[in-house]
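**Q** when you get a sec, could you give me coordinates for this:
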Amino acid sequence: MLKITQTIFLFCLILICQTHNIIAQNPLVTHMFTADPTARVFNGKLYVFPSSDTYPPKGREKEFPRFCMPGYHAFSLENGATWKDHGWILKENDVPWGEKDTYAMWAPDCIEKDGKYYYYYPAKPKNDSAFRRIGVGVSKNPTGPFKWEKSFIKGVSGIDPGLLLDDDNKAYLFFGGGHELYVAPLADNMKEITQEPILVEGLPAGYKEGSFPFKKDGLYYLTFAHVFAEEGYTIGYATSDQPMGPYQYRGKIMDNIHNGTNHHSVVEYKGEWILFYHSWDISGYNKLRSMRADYMHFKKDGTIKKVIPTLRGIGTPQIGDTIQVDRYNEISGAKTAFVGGEKEPQGWMICDAKMMSYVRFDRVKFDGATSIQARIASGQRIGSFEIRLNNPKGKLIAEFPIEYTGGWSSWKTIEANISEPVTGTHNLVVVFKSDWGSTKSVNLNWLLLK
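**A** Numbering: from 1, shown residues only. Down below sits the predicted model:
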């Protein structure tokens, strides 16, 4: 695992707070570690409220054999594929009732009711024997600032709050971690429960956490992280005709990913259903996670088709959005590799591109674009790469000559005009040209429509 000094750690936090626009496909965010993403749509805008992972403070590494989680940021989808970081929503040392310096801020949720936004979170309480309690704050804006309640919600002990606001404006709090999940109705003030929590009945045996409920076509869905002894963490779901159950288990939404946790959420956005989840693309370590998203589909009978994780993810890049072509839909004759450093953001690149190799990136909105930028590095000077529409033999709209940039790790941004106006949404295909027999032509980090 990477090590970091306390000074660098604090410096990174400052940089995070100053960072505004984060552009990514999967994972959605690359400048910090984000896990347990809860996605919500407020006033037609898509927001994500994740937890965050980080490195333990220097000298305290042995205290955190698993997760080290200092607090919460919030993100919103801007333009077609740009995620805006709204900075800190809550740091653990600002929890009025919580212990200090425990790095124990696990998965949150945020919900809107009657024009107010309620943010729920678990934290380790001080002077209390519970593993976690759940607190709440209220704001007039989904990204805060929030006014935090001075005490946790009485009668609730557990992790992973998941909120359901029903059609009759009644709200329910799901929570729990272990072999049982619980639910309780919330009072109109959204800050207390109106009855003792009950066990959610009808769920399969095994470890469960990450309760996330939603309603579709009159049917209540309860999704949850579920551990099978022979497989590890999966995302499962159950359905009911009542918000508090009993529920009937219906199967898996997503299989286990590399034997790590998989906490998630489900949201409908612009007519598409999306599954948000996490993996550990950047760190390669399943305690330093990064949130992802992929489209989810229902069958006619209401059951959910299993989601296969992709690199491409969601979103439709347009003018002003970075297109990370290494998060491809199809690649032929080329490879991808991780790239990062002081001058380049953490991410990936297309590399080892041979003659007539190509990469296809689906769903790009070209309306109004007159030119396209490319971030490249090259240790040679022969060849070019083309931008074509829809397939490798599709209409040629731009061409970049390959030039020597100073080496395969020396990056430069170049630009080419789009040859004629392109309207609508198309697949973007990059075709690489070089000498036959050459093993690589250019490293390509990203494209940007202008």
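
**Q** who's in contact with the residue most central in space within the chain?
**A** Central residue of the chain (CA atoms, centre = their mean): Met291, 2.7 Å from the mean position. Shown in contact with Met291 (CB atoms under 8 Å, 6 or more residues apart in numbering): 27-29, 34-37, 48, 50, 276-278. Heads up, the C-betas are built off the backbone N, CA and C, glycines and all.

**Q** if you set the cut-off to 10 Å instead, what comes out?
**A** 24, 26-29, 33-39, 48, 50-52, 75, 83, 263-265, 276-279, 281 (CB atoms under 10 Å, 6 or more residues apart in numbering).

**Q** which among the residues you listed count as buried?
**A** Among these, those classed as buried by 16 or more other CB atoms under 10 Å are 24, 26-29, 33-39, 48, 50-52, 75, 83, 263-265, 276-279, 281.

**Q** in three-state terms, label Ala374 for me.
**A** strand (DSSP: H, G, I helix; E, B strand; the rest coil).

**Q** how much space separates it from Leu199?
**A** 56 Å (CB to CB, to the nearest Å).

**Q** more neighbours: which of those two?
**A** Ala374 (22 against 13; other CB atoms under 10 Å).

**Q** do you know how far that one is from Lys343?
**A** Distance of Ala374 to Lys343, computed by CB to CB: 16 Å.

**Q** same thing with Val183?
**A** 50 Å.

**Q** of the two, which one has the most company?
**A** Using other CB under 10 Å as the criterion, Val183 and Lys343 rank with Val183 on top: 23 against 8.

**Q** show me what contacts that one?
**A** Per CB under 10 Å, 6+ apart, neighbours of Val183: 162, 164, 172-176, 193, 197-200, 211, 213, 222, 243-245, 247.

**Q** return the subset of those lying in strands.
**A** Using DSSP state E, the subset of the contacts of Val183 located in strands is 162, 164, 172-175, 198-199, 211, 213, 222.

**Q** nearest to Pro65, of those residues?
**A** Nearest to Pro65 among the ones in strands among the contacts of Val183, counting by CB to CB, is Phe175 at 24.4 Å.

**Q** surely His73 meets Thr143?
**A** Yes. If you go by CB atoms under 10 Å, His73 and Thr143 touch, sitting 9.3 Å apart.

**Q** what's the local residue count around Gly394?
**A** 17.

**Q** how close does it sit to Gly115?
**A** Taking CB to CB, one finds Gly394 at 48 Å from Gly115.

**Q** and if you look at Gly218?
**A** From Gly218 to Gly115 the distance is 26 Å (CB to CB).

**Q** what's the most distant pair in the ones in strands among the contacts of Val183?
**A** Farthest apart among the ones in strands among the contacts of Val183 - using CB to CB - are Leu164 and Leu199, which lie 16.6 Å from each other.

**Q** are any of the ones in strands among the contacts of Val183 buried, and which?
**A** Buried among the ones in strands among the contacts of Val183 by 16+ other CB under 10 Å: 162, 164, 172-175, 211, 213, 222.

**Q** what would the residues you listed look like in CSV with distance to Cys68 and pLDDT?
**A** Converted to CSV, these look like this (distance: CB to CB, whole Å; pLDDT from 0 to 100):
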residue, distance to Cys68, pLDDT
Gly162, 23, 98
Leu164, 30, 98
Tyr172, 31, 99
Leu173, 26, 99
Phe174, 26, 98
Phe175, 22, 98
Ser211, 23, 98
Pro213, 29, 98
Leu222, 29, 98
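
**Q** out of the residues you listed, flag the one nearest to Val430.
**A** Closest approach to Val430 among these (CB to CB): Gly162, at 40.9 Å.

**Q** quick one, what contacts the closest one?
**A** Applying CB under 10 Å, 6+ apart, the residues contacting Gly162 are 38, 107, 109, 111, 120, 172-176, 181, 183, 210-214, 222-224, 265.

**Q** and Ile274, how far from Phe33?
**A** Counting by CB to CB, the gap from Ile274 to Phe33 is 21 Å.

**Q** sorry, wrong one. I was asking about Lys147.
**A** From Lys147 to Phe33 the distance is 28 Å (CB to CB).

**Q** show me the shaky parts of the stretch 1-150 of the chain.
**A** Scanning the stretch 1-150 of the chain for pLDDT under 70 picks out the ranges 1-24.

**Q** strands of that one, residue ranges please.
**A** With DSSP state E, counting those that start in this stretch as the definition, the stretch 1-150 of the chain shows strands at residue ranges 21-23, 33-42, 45-53, 71-78, 82-91, 109-113, 116-123, 133-139, 147-148.
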